[in-house]
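Engineer: mind folding the following:
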Amino acid sequence: MVGRGKALRRAIGEDSPVKPAYLIHGTDSAKIDEARARLRRRAESEGGAGSLEVFEPAEGKGSPDADALAGAIGSLSLIPGRRYLLADRIEKWGKNQAQTVTDAVLSAPAETTIVLIARGKIPGKIGEAVKKVGGETLTYDAPDAARLPVHLIEGAAARKFELTPEAARFMIGRMGDSLPRLNSELDRLALWAGEGGMVDVEDLEEMVTDTSETSTFALGDAVIGGDRAEVLAVAERLLAQGSTAGSTVYSTSTSIRRAHKALVKLEAGVEPSQLERQLGMPPFLARRLINSLSGTSVEGIRDATIAMAELELWTRGGAEYPDELALDLALLAATE
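Structural biologist: A predicted model of the protein is given here:
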């Protein structure tokens, strides 16, 4: 991560020589957004806000207008100095759209910098065109699940504090694998720890314990425990905090699926000490999960998994009744 950040600064930093074209692509949305923000700062520092023209999908859907971009590339500008033209989310362009922009890039006038952002695959021969005009391609791919803890540790180092491996795994276990969300949490921890500070799993556990709000993961823990009154009480607290059925589905389902996986292995004869290492969780969380499964049946956890799947279907338009009722019905089914 640190090395890629240096490459980004060299490529479109405020003091580096600017190139006629940049192609930014990959699956790491945080890094792509960082590159885009850096470009905006450079454009505005050179020529003010009017020196950067942005092309994006209308209402966040589809792709940017390729014809409009090509027309802008070839048009004369009344603004003195370099022009910057940026098109985001070009991965959805078809063959004809990509060819239109490719031709425009190859014939772009001097003092024009074109930035094309593909959050996924690169359409057509755009990559070849960027290279041919002396541009640069920057690739930012999100780490896979196995490398995500290392990614967080490196992210902490870039923010000048230390995050222990157990703390990194704890964050993923509690917050999921969304990079924007995890990066925001790293920013918050950097302020808490201070430069040169360290964040261990005990620090994070204390933060979770001390918070005045109920964690969405608490609902999954309650379902696993099987106490219907406690499940409904946790759900009521979450709804009072502003949570919805949709916002609880992922974390609750994740907890229940982990419980199902652990219970199946326990019933197959896997020793608890061995299972702790197989769950991919911080040890103390794995031990707590295993201990919570005493008296729980595989069938019961399977029914809870099905109930959460049906709730997820509802959140995607599968039924037409109030949000609170949908959540309560799913939880009642999960604790039968």
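Engineer: and the nearest residue to residue 187 once chain neighbours are set aside, how many neighbours?
Structural biologist: Among residues not flanking residue 187 along the chain, residue 159 sits closest, at 7.1 Å (Cβ to Cβ, 6 or more residues apart in numbering). All C-beta spots, glycine's among them, are computed from the backbone N, C-alpha and C. By other Cβ atoms under 10 Å, 16 other residues sit near residue 159.
Engineer: do the same with residue 121
Structural biologist: Residue 121 - counted by other Cβ under 10 Å - has 10 other residues nearby.
Engineer: and it, what pLDDT?
Structural biologist: Looking at residue 121, its pLDDT is 91.
Engineer: so the residue nearest to it when sequence neighbours are not counted versus residue 297, what's the distance?
Structural biologist: Leaving aside its sequence neighbours, residue 121 sits nearest to residue 91 (Cβ to Cβ, 6+ apart; 5.4 Å). Residue 91 sits 46 Å away from residue 297, going by Cβ to Cβ, to the nearest Å.
Engineer: neighbour count for those two, which is higher?
Structural biologist: More neighbours surround residue 91 than the other of residue 91 and residue 297, with 15 against 12 (other Cβ under 10 Å).
Engineer: let me know the pLDDT of the more buried one.
Structural biologist: Residue 91 is given a pLDDT of 94.
Engineer: what of residue 231?
Structural biologist: Confidence score, pLDDT, at residue 231: 83.
Engineer: quick one: secondary structure of the closest residue to it other than its chain neighbours?
Structural biologist: Leaving out its chain neighbours, the residue that sits closest to residue 231 by Cβ to Cβ, 6+ apart is residue 222, at 4.5 Å. What DSSP: H, G, I helix; E, B strand; the rest coil gives for residue 222 is helix.
Engineer: one more: residue 307?
Structural biologist: With three-state DSSP as the criterion, residue 307 reads helix.
Engineer: rewinding a little: run a quick neighbour tally on the residue nearest to residue 231.
Structural biologist: 24.
Engineer: that one is in contact with residue 230, isn't it?
Structural biologist: Yes. Counting by Cβ atoms under 8 Å, residue 222 touches residue 230, with 4.9 Å between them.
Engineer: and the strands in the stretch 151-300 of the chain?
Structural biologist: 162-163, 198-199 (DSSP state E, counting those that start in this stretch).
Engineer: for residue 276, find the nearest of those.
Structural biologist: strand 162-163 (21.4 Å; Cβ to Cβ).
Engineer: list the strands paired with that closest one, with their directions.
Structural biologist: Using DSSP bridges, strand 162-163 pairs in its sheet with strand 198-199 (parallel).
Engineer: show residues contacting the partner strand.
Structural biologist: Contacts to strand 198-199, defined as Cβ atoms under 8 Å, 6 or more residues apart in numbering, come from residues 156, 161, 162, 163, 164, 167, 189, 192, 193.
Engineer: from the residues you listed, pick the one nearest residue 118.
Structural biologist: Nearest member of the contacts of strand 198-199 to residue 118, counting by Cβ to Cβ, is residue 156, at 28.8 Å.
Engineer: how close does the closest one sit to residue 179?
Structural biologist: 14 Å.
Engineer: give me the more crowded residue out of the two.
Structural biologist: residue 156 (23 against 18).
Engineer: and the average pLDDT for stretch 43-60 is what?
Structural biologist: Here the average pLDDT along stretch 43-60 is 83.
Engineer: now do the helices in the stretch 1-150 of the chain.
Structural biologist: 2-12, 29-47, 66-74, 95-106, 126-132, 148-158 (DSSP state H, counting those that start in this stretch).
Engineer: which residues does the last one contact?
Structural biologist: Right, the one you point to is helix 148-158. 1-2, 5, 143, 162-165, 168-169, 171-172, 177, 182-183, 186, 189-190, 199.
Engineer: pull out the buried positions in that helix.
Structural biologist: 148, 149, 151, 152, 153, 154, 155, 156 (16 or more other Cβ atoms under 10 Å).
Engineer: any idea how far residue 187 is from the fifth one?
Structural biologist: Same thing as residue 153. 15 Å.
Engineer: on that earlier part again, TSV for the helices of the stretch 1-150 of the chain, including distance to residue 303?
Structural biologist: TSV is the format used below for those (distance: least, Cβ to Cβ, whole Å):
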stretch	distance to residue 303
helix 2-12	45
helix 29-47	36
helix 66-74	50
helix 95-106	48
helix 126-132	50
helix 148-158	31
